[in-house]
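Colleague: Could you look at this predicted model? Sequence included:
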Amino acid sequence: MDVKESYRILELEIGATRAAVDDAYCRLIERWHPDRATAGGPEAAREAQRMVQAINDAYNTLAKIAPGTVQPAVSPTPVKLLPPPPAGTMVATGKPTLKPLSPGQLAEGRPPAPPPPGAWAARPPTAIGVTPPPPPASTPAPSPAKFLPPLPAAAKTPSPPPRTPPTAATAPPPAPTPNPAPSALERPATQPEAISDLRSKALAIYDRLFPVGSPRRRFGPVIVAAVLILLVLLGKCALPSPGSAKAKGPDPKTTGRLVVKSNLADAAINATRVTSPSDASTASFDGLVNQPLAGLPPGRYTVTARADGWPDTLKVVSVEAGQTTDAAVNFKSGSLRLDSDPTGAAVRQGATVLGHTPLVVPMLPVGECQLSLEYPAWPVHSFKAAITENVETVATVRLPYGKVTVNTDPPGVMVLMGGKAVGQTPLSIERFPAGTRKLTLQAKNFPPLVVPVTVEDHGDVTVSPALGTAFPVLDPAALLRNVWVPNDPDRISPPFDGLSGPSKPKNGVIKNLNRKKLYENWLLHRYGFTAIIKSYNRSDGQIEFAEQQSDLSKYRVLARLSDRARDDPDLTAQLTKGATFSLYGRLSAVEEPRWLSKVITFELSAAEPLR
């Protein structure tokens, strides 16, 4: 028999040792013994005899070449086959009881029954008729026999080192005494050699993780079970569920495609199938222009194109199965050439900014188009344009404005409108937005002055605000009430208290006024004042106003004009006795009198007229 075929029949790897050959022979003879096949009928008995014959031939072939390091006592005697029972022979259906064959039965040609594990070693030598010689002293003890179900050739473990073939004998070699069987937790009753080897490695790892006698070992089965459950759950999560598979798309052979083009690139498309009274099926598909709509059932469709700020446009198309239909749905439009006065206005259509004037809008919906024009610091202006299909409409929008002239005294004042500087006075603003706006005037030594200006469309307005009006009005009576010190009958006047500098009086009199409080809050500030002129001295430019009476004392106001004001003849001509005159100046002194009268003097310097 062929060597490879012999290894295959004995379910061994090529190059297996003699011990493996002997073990395989005993195991297979036990499996295929003819007495075991009697319960299966004549056909099973014939198959068992055929397999026993093949096992005998394979064993005889491999017994001559199988390597080994252990010299067995005897070799198993091949089982002789009996002729198959004739057809029609009654066969017992019960499970036969196998008995060991005597030497006489072997002589009659019947095949021997394989002994159970360990029986070869326990069987007396006289049962076979041969006294086995003792094994050599250097021979290692054979490993315990493990009668496991066969595995495929690829899963078998490597064979042990080869040993010398046994001498010819009439009985199988004695089997080594097996080790004590492991516990049920560590190994099953039977398993292939490869699984046994893997299980041995797993048990070794288990023993390292949970050493025998350690407190952790009693928790080992629980931990292993938890890990296995976790791995099973992770495996289920990794596997896709049956419902997670993507739905199969429509059949391109039974459906069509539609590609819609338009003169607006951002238009949205809706295709709705036109149904008849006999066809109850409907279909609606949404998309964008220049993007194909797939999976459309054949038929007629109403295509609707929509865009922000444009009326919807419709078109009916036909879609055929297995074909792509191209359709053009264009919006009716015209163009607009727009300018504004002043130029540079932002043009809006709804929330969309179209650009700044002068501007050409290539596409606008046909009909009345509502636009808005926005200019910096100007009110929003609405404009309606009549757009004709395929026609360019030309329009110029005049934003409502007028002219404003600003004069100030003194000149050179900065003018601000809407927080932005527009120039210095004297200033002419040719395009002042119609309506009421506020101008802010700023100059050195003057507080900011806010001047409201109202202009109508095409109007012309001149304003001459007095910067001095931004100063507070001087009220001598109220000022005296804030700094007045009552008279003390035990002294003539209050002490000086070390006052010096601007807070010190010019004439040295300190009687009823708190000089320190007066200096910190009122002196050296600018004020406006209006009163009746008592006299005017052209030589020094001093104006004396008429005396007035307060609830505390009489007072008078002296104002000295600035050099620029004194050189203005028109101004000095107005400074006559009895005339009412308005000016603003710096409060430089408040003096108490030396004599017993109660006339207190207020002095204003660098005075300018309020025009």
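Modeller: Sure, I can see it. Just so you know, these numbers come straight off a predicted model, no measurement behind them. Numbers count the residues shown, from 1 in each chain.

Colleague: Hmm, Asp475 and Phe529 touching each other?
Modeller: No: Phe529 lies out of contact with Asp475 (CB atoms under 8 Å); the separation is 9.1 Å. Quick note: C-beta positions are derived from backbone N, CA and C, even for glycine.

Colleague: ok, those two, which is more surrounded?
Modeller: Set Phe529 next to Asp475 and count neighbours by other CB atoms under 10 Å: Phe529 wins out with 23 against 12.

Colleague: which residue packs closest to the more buried one, ignoring adjacent ones?
Modeller: Using CB to CB, 6 or more residues apart in numbering and skipping residues adjacent in sequence, the residue nearest Phe529 is Leu474, 4.5 Å away.

Colleague: What separation do you get for that neighbour and Lys517?
Modeller: Between Leu474 and Lys517 the computed distance is 17 Å (CB to CB, to the nearest Å).

Colleague: Mind checking which of those two has more residues around it?
Modeller: Each of Leu474 and Lys517 has its neighbours counted (other CB under 10 Å); Leu474 has more, 22 against 15.

Colleague: Please name the residues that touch the more buried one.
Modeller: Contact analysis of Leu474 by CB atoms under 8 Å, 6 or more residues apart in numbering lists 527-529, 557, 587, 602, 604.

Colleague: For those, give me JSON lines that also has secondary structure, distance to Arg611 and pLDDT.
Modeller: Conversion of those to JSON lines gives the following (DSSP: H, G, I helix; E, B strand; the rest coil; distance: CB to CB, whole Å; pLDDT from 0 to 100):
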{"residue": "Tyr527", "secondary structure": "strand", "distance to Arg611": "17", "pLDDT": "93"}
{"residue": "Gly528", "secondary structure": "strand", "distance to Arg611": "12", "pLDDT": "91"}
{"residue": "Phe529", "secondary structure": "strand", "distance to Arg611": "15", "pLDDT": "93"}
{"residue": "Val557", "secondary structure": "strand", "distance to Arg611": "20", "pLDDT": "95"}
{"residue": "Leu587", "secondary structure": "strand", "distance to Arg611": "21", "pLDDT": "93"}
{"residue": "Phe602", "secondary structure": "strand", "distance to Arg611": "23", "pLDDT": "94"}
{"residue": "Leu604", "secondary structure": "strand", "distance to Arg611": "17", "pLDDT": "93"}
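
Colleague: Nearest to Lys420 among those residues?
Modeller: Minimum distance to Lys420 across these is 28.9 Å, recorded for Gly528 (CB to CB).

Colleague: Would you mind measuring from the closest one to Thr580?
Modeller: Counting by CB to CB, the gap from Gly528 to Thr580 is 14 Å.

Colleague: possible to save the contacts of Leu474 as CSV with distance to Gly40?
Modeller: Listed next are the contacts of Leu474 as CSV, based on distance: CB to CB, whole Å:
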residue, distance to Gly40
Tyr527, 135
Gly528, 134
Phe529, 139
Val557, 144
Leu587, 137
Phe602, 143
Leu604, 141
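
Colleague: Let's verify Ile230: helix, strand, or coil?
Modeller: Check again: residue 230 is Leu, not Ile. What DSSP: H, G, I helix; E, B strand; the rest coil gives for Leu230 is helix.

Colleague: Next: Val21.
Modeller: Here Val21 is helix, with the state taken from three-state DSSP.

Colleague: Give the bridge partners for Ala271, please.
Modeller: Beta-bridge partners recorded for Ala271 (DSSP bridges): Phe285, Val303.

Colleague: OK, contacts around it?
Modeller: Shown in contact with Ala271 (CB under 8 Å, 6+ apart): 258, 260, 284-287, 293, 296, 301-304, 317.

Colleague: If we use 10 Å, what do you get?
Modeller: Under the criterion of CB atoms under 10 Å, 6 or more residues apart in numbering, the neighbours of Ala271 are 258, 260, 283-287, 293, 296, 301-304, 317, 319, 325, 327.

Colleague: same check, this time on Met363
Modeller: Met363 is in contact with 263-264, 310, 331, 333-336, 387, counting by CB under 10 Å, 6+ apart.

Colleague: after the one helix or strand it maps to comes which helix or strand?
Modeller: Element membership of Met363, judged by DSSP states H and E, is strand 359-365. Sequence order places strand 367-374 as the next helix or strand after strand 359-365, per DSSP H and E.

Colleague: Give me the helices and strands touching whichever helix or strand comes after that following strand, please.
Modeller: Remark: after strand 367-374, the chain's next helix or strand is strand 381-387, criterion DSSP H and E. Judged by 3 or more CB pairs under 10 Å, 6 or more residues apart in numbering; DSSP states H and E, the packing partners of strand 381-387 are strand 333-341, strand 359-365, strand 367-374, strand 392-398.

Colleague: Give the buried residues for the longest one.
Modeller: What it means is strand 333-341. Neighbour counts using 16 or more other CB atoms under 10 Å place 333-336, 338, 340 of strand 333-341 among the buried residues.

Colleague: Pipe these into JSON lines and attach distance to Pro252 and pLDDT per row.
Modeller: Compiled in JSON lines, these are given as follows (distance: CB to CB, whole Å; pLDDT from 0 to 100):
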{"residue": "Ser333", "distance to Pro252": "36", "pLDDT": "90"}
{"residue": "Gly334", "distance to Pro252": "41", "pLDDT": "91"}
{"residue": "Ser335", "distance to Pro252": "42", "pLDDT": "92"}
{"residue": "Leu336", "distance to Pro252": "45", "pLDDT": "93"}
{"residue": "Leu338", "distance to Pro252": "49", "pLDDT": "93"}
{"residue": "Ser340", "distance to Pro252": "55", "pLDDT": "91"}
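
Colleague: what about the stretch 501-611 of the chain, any weak spots by pLDDT?
Modeller: Applying pLDDT under 70 to the stretch 501-611 of the chain flags residues 501-502, 595-597.

Colleague: In the stretch 201-350 of the chain, what residue spans correspond to strands?
Modeller: 256-261, 268-273, 284-288, 293-296, 299-307, 310-319, 324-328, 333-341, 346-349 (DSSP state E, counting those that start in this stretch).

Colleague: and of the ones you listed, who's closest to Asn407?
Modeller: Closest to Asn407 of the strands of the stretch 201-350 of the chain, according to CB to CB: strand 333-341, at 26.5 Å.

Colleague: The closest one packs against which elements?
Modeller: strand 346-349, strand 352-356, strand 359-365, strand 367-374, strand 381-387, strand 392-398.

Colleague: Tell me the helices and strands packed up against the last one.
Modeller: Applying 3+ CB pairs under 10 Å, 6+ apart, one finds that strand 392-398 makes contact with strand 333-341, strand 359-365, strand 367-374, strand 381-387.

Colleague: Quick check: buried residues in it?
Modeller: Within strand 392-398, the residues scored as buried using 16+ other CB under 10 Å are 393, 397.

Colleague: Show me what counts as buried in the following helix or strand past it.
Modeller: The C-terminal neighbour of strand 392-398 among helices and strands, as given by DSSP H and E, is strand 401-406. For strand 401-406, the neighbour count (16+ other CB under 10 Å) marks 401-402, 404-406 as buried.

Colleague: show me where pLDDT drops low in the stretch 151-300 of the chain?
Modeller: Applying pLDDT under 70 to the stretch 151-300 of the chain picks out residues 151-193, 239-249, 276-282.

Colleague: Settle it for me: which of Gly528 and Thr580 has more neighbours?
Modeller: Each of Gly528 and Thr580 has its neighbours counted (other CB under 10 Å); Gly528 has more, 20 against 10.

Colleague: Can you name the residues bridging to the more buried one?
Modeller: Judged by DSSP bridges, the bridge partners of Gly528 are Val473, Tyr584.

Colleague: I'd like the average pLDDT over the strand or helix carrying Phe432.
Modeller: Taking DSSP H and E as the definition, one finds Phe432 inside strand 427-433. Averaged across strand 427-433, pLDDT comes to 91.

Colleague: what residues does that strand touch?
Modeller: Outside strand 427-433, the residues within contact range by CB under 10 Å, 6+ apart are 341-342, 375-379, 381, 399-408, 411, 413-415, 417-418, 422-423, 437, 439, 453-455, 457, 459-462.

Colleague: Give me the buried subset of these.
Modeller: Burial by neighbour count, 16+ other CB under 10 Å: within those this picks out 375, 378, 381, 399-402, 404-406, 408, 413-415, 417, 422, 437, 439, 453, 455.
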